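Visitor: Predicted model and sequence follow; I will ask about them next.
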Amino acid sequence: MSALVAMPACAQSVGQWDTYGQINLGALSVADGASTDAFLGENSNVPGRIGVWFRTPVDAGAQLSFNLEAGFGMTGSSGFSKHDKSLDVEISRRALRKFEMIVDMPAAGRLSLGQGSMASDGSAGADLSGTGLAHQVAVADTGGGTALLRTNGTPSGTTIDDAFSALDGLRRFRVRYDSPILNGFQASAAYGQEVLRRGNDNDYYDVAFSYSGDTEPFTAEAKLTYEWVGSIEENLVFSAAVLHKPTGLNAAFATGREQIGPGRYAYLKLGIIRDIFAVGSTAVSVDYYDGRNIAFVGSASKAMSIGVVQKIDPWNMDLFLAHRTFALAGDAENFQDIDATLLGARWRF
């Protein structure tokens, strides 16, 4: 919804308020080779949120905006484990997703200040498949807290989250600059710090180069980022996606590599979008993740899945279903596979 609010007469401008949000819940079943556990909570692939925008024009065609956004504090599918499989709601400052001021300047680009996305946030997530609700490059968002068992059935202490990473950036309290878009290309840079969690004094820097294009018959997007985390971590990430609009066929690719450390991965997704039902499009895709040295030196992390998303346009709703298998192997030991199935719905308002 939106409403127009008149600013003071001296400002001679008009401001606009816009509110938005989504609730995204799912049922998750995880089989670790010894038992099967179930969980009902938030779908971490695209978490629930509620937010508000205020936008007002300023001098020389520029626009000043404020964005406040928060999550609902629900337990998410990324944190599921045998020891934490209950739906909890915890309201804390960590639920704050965005609290930022943005200045858009037509000829000079965009300047953002406050809690929000670093330039590398989502750098691995180029995806035009329409199935991001069900499965995507951040494979650990489905059952990430689950510990892998050794082949003899004993716990290893290594979780899905430890063994599978997309290496992309997150949200921080930062200052960020985005250049004007030229023929679909844009450059971005940011510096930030973690202020919502205690015990993290790292400085975060990153740069990004992105492309977005929509022509007949293709839509395409790509992003290349480099992130510095203090002096302890550097990551290079690239992702790209293309959609053939007449057929709905699409592909996405992502790869990342630690620059301090040996971790690296590659990810591929292939899909199709079709209008099978009158209520909305149907998207189906399969993906494959191959990581090396992420859990530990000498480890091989592999995951594959199939996902389906059905849009229900009259209700602003999406139904999703995904099944994923995780496999981890090492030079000295092997682990049992984990199978995870996620089923649920998202409602946008």
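Guide: Yep, it's here. Keep in mind the model is a prediction, meaning the values are calculated, not measured.
Visitor: didn't Pro57 look like it was pressed against Gln63?
Guide: Yes. Pro57 is within contact range of Gln63, at 5.5 Å (criterion: Cβ atoms under 8 Å). From N, CA and C alone the C-beta is placed, and that goes for glycine too.
Visitor: Helices along this structure, start to end?
Guide: With DSSP state H as the criterion, the chain has helices at 160-163.
Visitor: Have a look at it and report its longest strand.
Guide: strand 14-31 (DSSP state E).
Visitor: and that strand, what does it pack onto?
Guide: Applying 3 or more Cβ pairs under 8 Å, 6 or more residues apart in numbering; DSSP states H and E, we find strand 14-31 packed against strand 2-6, strand 36-42, strand 49-57, strand 338-348.
Visitor: how about 10 Å then?
Guide: Where contact means 3 or more Cβ pairs under 10 Å, 6 or more residues apart in numbering; DSSP states H and E, strand 14-31 is packed against strand 2-6, strand 36-42, strand 49-57, strand 63-70, strand 317-329, strand 338-348.
Visitor: Quick check: pLDDT value at the spatially most central residue of the chain.
Guide: Residue closest to the average C-alpha location in the chain (Cα atoms, centre = their mean): Gly122, at 5.5 Å. pLDDT for Gly122: 96.
Visitor: so it touches Asp206, yeah?
Guide: No. Using Cβ atoms under 10 Å as the test, Gly122 is too far from Asp206 to be in contact (11.7 Å).
Visitor: what's the overlap in contacts for the two?
Guide: 168-169, 225, 237 (Cβ atoms under 10 Å, 6 or more residues apart in numbering).
Visitor: and the two most separated of these?
Guide: Using Cβ to Cβ, the pair of these lying farthest apart is Gly169 and Val237, separated by 8.3 Å.
Visitor: Quick check: neighbours shared by the two?
Guide: 120, 122-124, 206, 208, 225, 227.
Visitor: Near Gln40, how many other residues are there?
Guide: Rather than Gln, residue 40 is Leu. For Leu40, the tally of surrounding residues (other Cβ atoms under 10 Å) stands at 14.
Visitor: can you check Leu270 too?
Guide: Residues near Leu270, counting by other Cβ under 10 Å: 15.
Visitor: and if you look at Gln115?
Guide: Gln115, neighbours per other Cβ under 10 Å, totals 21.
Visitor: looking at the protein, which helix or strand is least sure?
Guide: The helix or strand of the chain with the lowest confidence, counting by mean pLDDT, DSSP states H and E, is strand 2-6 at a mean of 39.
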